[in-house]
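# Predicted model and sequence below, questions to follow.
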Amino acid sequence: MPTRGRAARAGVLVVCLALAAPAWTEPARLADRLASKDPAVARAAVTEVLADAAHADPLLLMLAASRHLELGSAEEAIVWFYAGQLRALYSPLLTADASQQVTISTVTLGESINAYGMRDIVKMIELIARAMHWDEKTYDTWAKANKLDPDSSELLERRATARDGLVAFATDLKINRQKYEKAAREYKSPEQLQREAEESVQRDYTTAPLERVVGGKTLRIPANYVTARGLTARTRESTRELTLVVFLPKFVGYTLENWRDLSGNRHVMWLRLRPDTGPRPEELIEAFIATEPPTTQLFGTTAYHFDARVAKARLPLPAASTHHVIAGKGMQGASVYVICQAPEPGVSIKPAPRCDLFTLDAATGLRVHAQFFQDHAPQWRKIEAQVSELLRSWAVSQ
């Protein structure tokens, strides 16, 4: 998984601030400095925000609190985080889309602050009380600075609800003190988890073969196609279904470099193997093709257009909406079916569209389901051929 340090998490909020209203241009620039990797720049930005805290944007207070913790002022960080969060929850300037920023900052920035504060619940409750007291003292100043009526019944109601919520949170902390303090003692930061993962992979990485028995068929697979920590895996195991990772376009498994980010890596292909029993994807696909759906040209061949709103047939995919379906032959003559996400009506491009490839491998008799990003779809024949070759090389004669 990718490294997610406090500065990286702060970057999430920077993006949100940058997408806010034009009037927030200056806060966005200040947010950039708060998220700076240069401690001196970040410290100066924190000082600037807190010096004018009564007028500050609540989200900037929360971001400043996060950096304050990193820079060594833990108790003050808790006070300013909850002061900012409280004000953000009742501010009418943070509604609709902007309210998502409050949720994002609460989850991402609050993680490390709560992990520190909850080690001592009694002290944390005192610090939350300080935040509420500060809010009481500066409420009128903040409201008037933002051209809000501090006596507005609607604003007062929003504020009372937010304060009641914080009181309820503090009460829960007190009632469940042991649970929260235990969780805080056991907490590991994203940075710490990343370091441990790095150490684990360096220690346990191997390409030595593991035996996996799928539906009675034994495969001797290099461990790095199964896990980045092969030395911790069982040397032999039977399973009804096996999922492997393959990195395109070289068709390699995990390396000491590529294991970190799977979700955002457009070269990752998930390869699922199962015995030739149960549902047969080609039956659903051929039944759909038999309905004579509209066709188009895709990747140099004919593709059938599937639209769940009008099609009576189904596809072997959950929640299939609009897809392009290709029925072809692999390098060894096997039937191969490729289903790729198609643009939705009224939407020009789907984010990161994916494709699913289905075939029955002749050498092993196993059903293959490969999922990959559409970037690699023009090479679907090569993908089928390389997967077939991998399986042939892994198969153990019986």
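Ah, there it is. Given the structure is predicted, the values throughout are model-derived calculations rather than measurements. Numbering: from 1, shown residues only.
# For whatever helix or strand residue 123 lives in, give me every contacting residue.
Secondary structure assignment for residue 123, by DSSP states H and E: helix 121-145. Residues outside helix 121-145 that contact it (CB atoms under 8 Å, 6 or more residues apart in numbering): 53-55, 75, 78-83, 86-87, 117-118, 149-150, 155, 159, 163, 166-167, 169-170, 173-174, 177, 180-181. For glycine as for every other residue, the C-beta is placed from the backbone atoms N, C-alpha and C.
# can you check stretch 36-52 too?
Residues contacting stretch 36-52 (CB under 8 Å, 6+ apart): 7, 30, 33-35, 56, 60-61, 63-64, 67-68, 70-71, 80.
# mind checking how far the residue nearest to residue 252 when sequence neighbours are not counted is from residue 369?
Excluding the flanking residues, the one nearest residue 252 by CB to CB, 6 or more residues apart in numbering is residue 246, at 7.3 Å. Distance of residue 246 to residue 369, given as CB to CB, to the nearest Å: 13 Å.
# One more: residue 175?
49 Å.
# Kindly report the same for residue 109.
Counting by CB to CB, the gap from residue 109 to residue 369 is 40 Å.
# Of these two, which one has the most company?
residue 109 (27 against 18; other CB atoms under 10 Å).
# Tell me both backbone torsions, phi and psi, for that one.
phi -80, psi -30 (degrees, to the nearest 10).
# pLDDT value on it, please?
Looking at residue 109, its pLDDT reads 77.
# Just give the closest residue to it, not the sequence neighbours.
For residue 109, the spatially nearest residue (CB to CB, 6+ apart) is residue 66, at 4.1 Å.
# Which strand or helix spans that neighbour?
Taking DSSP H and E as the definition, residue 66 sits inside helix 58-70.
# Restricting to C-alpha, output that helix in CSV.
Output of helix 58-70 as CSV, limited to C-alpha atoms (Å, rounded to 0.1, in the frame of the first residue of the first chain):
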residue,chain,number,x,y,z
PRO,A,58,-12.5,25.9,10.5
LEU,A,59,-11.0,23.4,8.1
LEU,A,60,-7.7,25.4,8.3
LEU,A,61,-7.8,25.1,12.1
MET,A,62,-8.1,21.3,11.7
LEU,A,63,-5.3,21.1,9.2
ALA,A,64,-3.1,23.4,11.4
ALA,A,65,-3.8,21.1,14.4
SER,A,66,-2.7,18.1,12.5
ARG,A,67,0.7,19.7,11.7
HIS,A,68,0.9,21.1,15.2
LEU,A,69,0.8,17.5,16.5
GLU,A,70,3.5,16.4,14.0
